[in-house]
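1. Below are the sequence and a predicted model; questions follow.
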Amino acid sequence: MFLRHRNLAIYLVIAVVASLFLWPRAPKWPSVHNRVDLEILNVTLGFQHIFVINLSTRTERRDAMTLSAALSELKITWVDGVAGKDVPDNALPGDPTTRQGAFGLGNKGSWRAHMNVLQRIVRENVTSALILEDDADWDVRLKLQMQAFAQAAMVFTQPSNKHTLAEKYRDKPHPEFLVTQLPLMTRARDTPYGDGWDVLWLGHCGTEFPATTEPYKPSPLRVIIPNDMTVPSPSHLRAHPFALQDNLAQEYPPYTRVVHASSGTTCTQAYAVSQRGARKLLWRFGLQTLTTGWDLMLRDWCDGLYTRPMDPSTNEDTWGSGRIKTPVCVTVQPPLFSHHYGKGAASDIMAPGGGFVNKETEMTPYVRISVRLNMERLISGEEAVEQWAEDTEHV
Ligand SMILES: *[C@@H]1O[C@H](CO)[C@@H](O)[C@H](O)[C@H]1NC(C)=O
Ligand SMILES: *[C@@H]1O[C@H](CO)[C@@H](O)[C@H](O)[C@H]1NC(C)=O
Ligand SMILES: *[C@@H]1O[C@H](CO)[C@@H](O)[C@H](O)[C@H]1NC(C)=O
């Protein structure tokens, strides 16, 4: 199944590219084109690296991730997790009195592990990298999903004229574009996902649609990917009773995926950073601020909490013209990566499932044809199957 889809995508792309060259009046290829980028099909999904953080001492997760990556033709680079007890208090940034009560050893280790990856990205001048936690799972059709995501993300990361569409439409309450009807945008230089981005938040356990047109808040623009048969039926979009605020099933027809700026996004199963994003994040959370769990700080950062130059008492712009732009964090509903819940297993750090998981069954929220759940079949060369019966008719 996986192979069949991949081959189909490659033929499609070749056909499109060939028609551009063969058709005499076709626009010239290099200057402006929303290209379906072949680099996204490579073993690092068009990023320079895929780092996987080993957040626990559980060797079975390393085995499983290694197999998942191999079965999906992905090349991963391991980075060691950090135990909270190994992080001395004088290495923590910020004012200890601002740290939330629940900030424990698990948070400390996880924060440091993520900082170490960001540090490495900055040190090695990595253009862009995907960072995964070691229990992340994805669909066998991930590479095709990433191509569609990249097309949609360009609205936030590439100018179509002088500004990105997200900037151009920022004052409209709920501007929407169909991914199939996007205007031409400048061809990206740095990454197949565009040039002007900080974070692509690809795996989360819940997000909101940005609702406001206030300055220094994430753009309210949405890009719609209709009839995406890798999206679960609406009954499986409420994967998380308390952290999940997704309004997707209420607002859109079944099998719609929506790409938009992050807002209230939580859990860091998978996120990509650009070099510029890594520098900003390492400065902010390596040197300045440490108040709570890493995913919650990243949520606030993407929401513009640290870059909105407002004095809360007067609601005035306190930095005058010296404005710092809201970070460009792009996310997607439903997410493309999700937390895999093993049979009877509980997460070692602050479990994003927090007890809702039925411990008798293995599952991965949001992922229809999960690599983890199909591992045995894929290894034996058999076809992977849907996780939920409701979806089986919709392929
Ligand atoms: C995949 O493509 C990206 C973007 O061009 C590139 O940076 C990366 O090195 C490629 N991965 C491999 C393993 O060649
Ligand atoms: C994960 O990293 C920790 C800390 O570096 C190490 O103690 C542990 O052995 C690693 N676990 C696996 C499964 O490799
Ligand atoms: C980092 O990479 C960028 C883009 O590839 C390059 O322009 C810059 O000079 C590099 N910086 C260092 C310190 O190597």
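-> Perfect, thanks for sending it. Ligands and ions are numbered 1, 2, ... in the order given.
2. interface residues of the protein facing ligand 1?
-> Remark: the part of the chain in contact with ligand 1 comprises E39, N42, V43, T44, G46, Q48, K75, P192, using CB under 6 Å from any ligand atom. C-betas here are computed from N, CA, C, even on glycine.
3. How about the backbone phi and psi for M65?
-> The phi/psi pair for M65 (degrees, to the nearest 10) reads phi -70, psi -40.
4. which residues touch it?
-> The neighbours of M65, taking CB atoms under 8 Å, 6 or more residues apart in numbering as the test, are V52, I76, L132, D134, A136.
5. Okay, the first one and E60: tell me how far apart.
-> It refers to V52. Using CB to CB, to the nearest Å, one gets 14 Å for the distance from V52 to E60.
6. Between these two, which has more neighbouring residues?
-> V52 (24 against 11; other CB atoms under 10 Å).
7. Report the beta-bridge partner residues of that one.
-> Partner residues in beta bridges with V52, using DSSP bridges, are W78, L132.
8. hmm, back to that, just the buried ones from the residues of the chain next to ligand 1?
-> The neighbour-count test (16 or more other CB atoms under 10 Å) marks T44, G46, Q48, P192 as buried among the residues of the chain next to ligand 1.
9. distance of the last one from W283?
-> Using CB to CB, P192 is found at 26 Å from W283.
10. Same question for H204.
-> From H204 over to W283 the distance is 23 Å, taken as CB to CB.
11. In terms of neighbours, single out the busier of those two.
-> H204 (33 against 14).
12. which residues does the more buried one contact?
-> Applying CB under 8 Å, 6+ apart, the residues contacting H204 are T265, T266, C267, T268, Q269, T331, P335.
13. Out of the residues you listed, which comes closest to Y366?
-> Proximity of the contacts of H204 to Y366 (CB to CB) peaks at P335, which lies at 5.8 Å.
14. for the closest one, what are its contacts?
-> Applying CB under 8 Å, 6+ apart, one finds that P335 lies in contact with W201, L202, G203, H204, C205, T207, Q269, A270, Y366.
15. Filter those residues down to just the ones in strands.
-> Using DSSP state E to define strands, the subset of those located there is W201, L202, G203, A270.
16. And the third one, what's its pLDDT?
-> Meaning G203. The pLDDT attached to G203 in the predicted structure is 97.
17. That one and A272: what is the separation?
-> Counting by CB to CB, the gap between G203 and A272 amounts to 10 Å.
18. ok so, going back, need the buried ones from the contacts of M65 selected in ChimeraX.
-> A single ChimeraX command is used to select the members of those judged buried by 16+ other CB under 10 Å:
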select :52,76,132,134,136
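19. Any chance of the contacts of M65 in CSV with pLDDT as columns?
-> Conversion of these to CSV gives the following (pLDDT from 0 to 100):
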residue, pLDDT
V52, 98
I76, 98
L132, 98
D134, 94
A136, 96
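20. Can you name the residues that contact the residue of the stretch 151-300 of the chain found nearest ligand 2?
-> As assessed by CB to the nearest ligand atom, ligand 2 sits closest to W294 within the stretch 151-300 of the chain, at 16.5 Å. Contacts here follow CB under 8 Å, 6+ apart; on that basis W294 touches N107, S110, W111, H114, T268, F285.
21. Please apply the same query to T213.
-> Listed by CB under 8 Å, 6+ apart, the contact set of T213 reads R170, D171, K172, P173, P220.
22. Give me the number of neighbouring residues for the first one.
-> Residue crowding around R170 was assessed by other CB under 10 Å; the count is 21.
23. L298 versus the closest residue to it other than its chain neighbours, what's the distance?
-> In space, and not counting its chain neighbours, R170 is closest to S219: 5.2 Å by CB to CB, 6 or more residues apart in numbering. Counting by CB to CB, the separation of S219 from L298 is 18 Å.
24. didn't N54 look like it was pressed against T77?
-> No - if you go by CB atoms under 8 Å, N54 and T77 don't touch, sitting 11.2 Å apart.
25. Of those two, which one has the most company?
-> The neighbour comparison of N54 against T77 (other CB under 10 Å) goes to N54, with 18 against 12.
26. Who are the contact partners of the more buried one?
-> N54 makes contacts with R61, R62, W78, V79, D80, G81, D134, as judged by CB under 8 Å, 6+ apart.
27. How about the backbone phi and psi for it?
-> Note on N54: backbone dihedrals following degrees, to the nearest 10 are phi -90, psi 100.
28. Am I right that V330 is in a helix?
-> No - in this structure, V330 is strand, not part of a helix, as judged by DSSP: H, G, I helix; E, B strand; the rest coil.
29. what's the burial count for it?
-> The criterion is other CB under 10 Å. On that basis, V330 has 29 neighbouring residues.
30. Which pLDDT value goes with the residue of the stretch 151-300 of the chain closest to ligand 2?
-> Predicted confidence (pLDDT) at W294: the value is 96.
31. how near is it to ligand 1?
-> 25 Å (CB to the nearest ligand atom, to the nearest Å).
32. where are the low-confidence patches of the chain?
-> Counting by pLDDT under 70, the chain contains low-confidence residues at 1-36, 101-102, 238-246, 308-324, 344-360, 392-395.
33. All the helices of it, in order from the start?
-> All helices of the chain, identified by DSSP state H, fall at 2-22, 59-71, 105-123, 142-157, 165-168, 248-251, 275-282, 294-302, 375-379.
34. Which positions within the third one qualify as buried?
-> Read it as helix 105-123. In terms of neighbour count (16+ other CB under 10 Å), helix 105-123 has its buried residues at 106-118, 120-122.
35. before we move on, the earlier item: just the contacts of M65 now: which is nearest W197?
-> Using CB to CB, the shortest approach to W197 within these belongs to L132, at 18.0 Å.
36. Tell me the residues on the protein that lie near ligand 2, please.
-> Residues of the chain lying near ligand 2 (CB under 6 Å from any ligand atom): N54, T57, R58, T59, R62, D80, G81.
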